[in-house]
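1. Any chance you can model this:
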Amino acid sequence: MGLRFETRRSDSAWIDTVWTCTSEQVTEMTSVAGVRCGLVFWEQAGRSHAGVTGPETGTGTAPVPEGATFTGIEFAVGTSLRALPTPALVDGGIELPDTTRRTFRLDGTRWETPGPDDAEALIESLVRAGILVRDLLVADVLRGHRPAVSGRTVERRLRAATGLTWGAVRRIERARTAAELLAAGDPTAEVVAKLDYFDEPHLARALRTLVGRTVGQLREGTGGAIALDLDQRLTS
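-> Here you go, the predicted structure:
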């Protein structure tokens, strides 16, 4: 038993993924580096909670409320909450106050707590209210476009939107992609070549630092519960 994840992509330009998770007989997990912030809602022992999650620059061990059910909305890179600058959320997050089963409070207003099918409607409401904002330049850069501004400007705006440097964003995204490919069975040498790692030891160091797993653990699905949906079911 462990963490049972389900994720889906979103058609919204403001959302990267929507996910649900149930914790079963697990009290901790390996946290994984990530470049996005988001909203998370969970219930445990009859109590409801809501929080804002921030980017993570490394891996570690995080507690998991046993028997909890979660719904999460991971924002697209460059999207952030007006009242909570993303740099202040790096390697952390906050629990929102005054949460009930039906509603939560954000930026001074009460909102209906979403289920996984309600994520886009909530985000549209937050956008209309000006609570959710995004930097289109950052989104374009991450899609591979070259903007007509200086590299210094790009770096400054990326830091403001994500709390991270361009180099950190690339390293984290590459390691997460490598973990997904290895878990799916891709040969290590092919992953090294495809993602431009120097060699297999370079890949191994990145996985250890940013994902908290070895190549062997990713292939075998071992190492305990992990905050990364590798095959729709992450076991401990």
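2. Kindly tell me how buried the residue nearest to Val18 when sequence neighbours are not counted is, as a neighbour count.
-> Nearest non-adjacent residue to Val18, counting by Cβ to Cβ, 6 or more residues apart in numbering: Ala119, 4.5 Å away. All C-beta atoms are positioned from the backbone trio N, CA, C, and that covers glycine. Using other Cβ atoms under 10 Å, Ala119 has 24 other residues around it.
3. May I have the helix or strand Ala119 falls within exported as PDB, CA atoms only?
-> Applying DSSP states H and E as the criterion places Ala119 in helix 119-128. C-alpha atoms of helix 119-128 as PDB (Å, rounded to 0.1, in the frame of the first residue of the first chain):
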ATOM      1  CA  ALA A 119     -10.400  22.800 -11.000                       C
ATOM      2  CA  GLU A 120     -10.700  24.800 -14.300                       C
ATOM      3  CA  ALA A 121     -13.800  26.600 -13.000                       C
ATOM      4  CA  LEU A 122     -12.100  27.600  -9.800                       C
ATOM      5  CA  ILE A 123      -9.000  28.800 -11.700                       C
ATOM      6  CA  GLU A 124     -11.200  30.800 -14.100                       C
ATOM      7  CA  SER A 125     -12.800  32.500 -11.200                       C
ATOM      8  CA  LEU A 126      -9.500  33.300  -9.500                       C
ATOM      9  CA  VAL A 127      -8.200  34.800 -12.800                       C
ATOM     10  CA  ARG A 128     -11.300  37.000 -13.300                       C
END
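4. Name the surrounding residues that touch it.
-> Outside of helix 119-128, the residues within contact range by Cβ atoms under 8 Å, 6 or more residues apart in numbering are 10-12, 14-15, 18, 71, 73, 106, 111-112, 114, 132.
5. Check stretch 148-161 too.
-> By Cβ under 8 Å, 6+ apart, stretch 148-161 touches 77-80, 85-87, 134-135, 137-138, 141, 147, 164-166, 169.
6. Could you verify my assumption that Leu230 touches Glu180?
-> Yes: the pair Leu230 and Glu180 qualifies as a contact (Cβ atoms under 8 Å) at a distance of 6.2 Å.
7. In stretch 91-103, which of the residues would be classed as buried?
-> 93, 96, 99 (16 or more other Cβ atoms under 10 Å).
8. What of stretch 23-35?
-> Using 16+ other Cβ under 10 Å as the burial criterion, the residues of stretch 23-35 that qualify are 23, 26, 29-35.
9. for Glu112, which residues make a bridge with it?
-> As for beta bridges, Glu112 partners with Thr103 under DSSP bridges.
10. Could you tell me how far it is located from Glu43?
-> 15 Å (Cβ to Cβ, to the nearest Å).
11. Could you check which of the two has the larger neighbour count?
-> Glu43 (17 against 12).
12. that older thread, measure the residue nearest to Val18 to Thr17 for me?
-> 9 Å.
13. show me where the chain has strands.
-> Here the chain has its strands, by DSSP state E, at 2-9, 15-23, 28-31, 38-44, 47-53, 60-63, 69-75, 79-81, 93-95, 103-106, 109-112, 132-134, 234-235.
14. Just the buried residues of stretch 136-144, please?
-> Going by neighbour count (16+ other Cβ under 10 Å), the buried part of stretch 136-144 is 137-139, 141-142.
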